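1. Just the structure for this:
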Amino acid sequence: MPAKWTADLLGEMHLAGVTAKQLAAEVGWNPKYLSVVLNGHKEPKGAEQKLNEALERLKSK
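-> Below you'll find the predicted structure:
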């Protein structure tokens, strides 16, 4: 089951108009791997912080 932070992140992405492809590129991940993480199938260490920071960078562009 996905963690709550992934739902929060997806909501923020939607509000900011940021796509998963853009976020994946910002963190240097393959979009399919990002999907696996956001769907709760993998939980890499530090993913929450890394993805939130990447989203903030994209929102400020």
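
2. Ignoring the adjacent residues along the chain, who's closest to residue 29?
-> Spatial nearest neighbour of residue 29, chain neighbours left out: residue 37 (7.9 Å); criterion: CB to CB, 6 or more residues apart in numbering. To be clear about C-beta, it is placed using only N, CA and C from the backbone, and glycine gets the same treatment.

3. and the one you found, what element?
-> Secondary structure assigned from DSSP states H and E places residue 37 in helix 31-38.

4. If you count neighbours, what's buried in that helix?
-> Across helix 31-38, burial judged by 16 or more other CB atoms under 10 Å covers 34, 37-38.

5. pLDDT on that helix, on average?
-> Taken as a whole, helix 31-38 carries a mean pLDDT of 97.

6. For it, which helices and strands make contact with it?
-> With contacts defined as 3 or more CB pairs under 8 Å, 6 or more residues apart in numbering; DSSP states H and E, the secondary structure elements packing on helix 31-38 are helix 4-16, helix 20-27, helix 47-59.

7. can you redo those helices as a markdown table with mean pLDDT and mean neighbour count?
-> As requested, these are arranged in a markdown table below (pLDDT from 0 to 100; neighbours: other CB atoms under 10 Å):
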| stretch | mean pLDDT | mean neighbour count |
| --- | --- | --- |
| helix 4-16 | 97 | 14 |
| helix 20-27 | 98 | 17 |
| helix 47-59 | 98 | 16 |
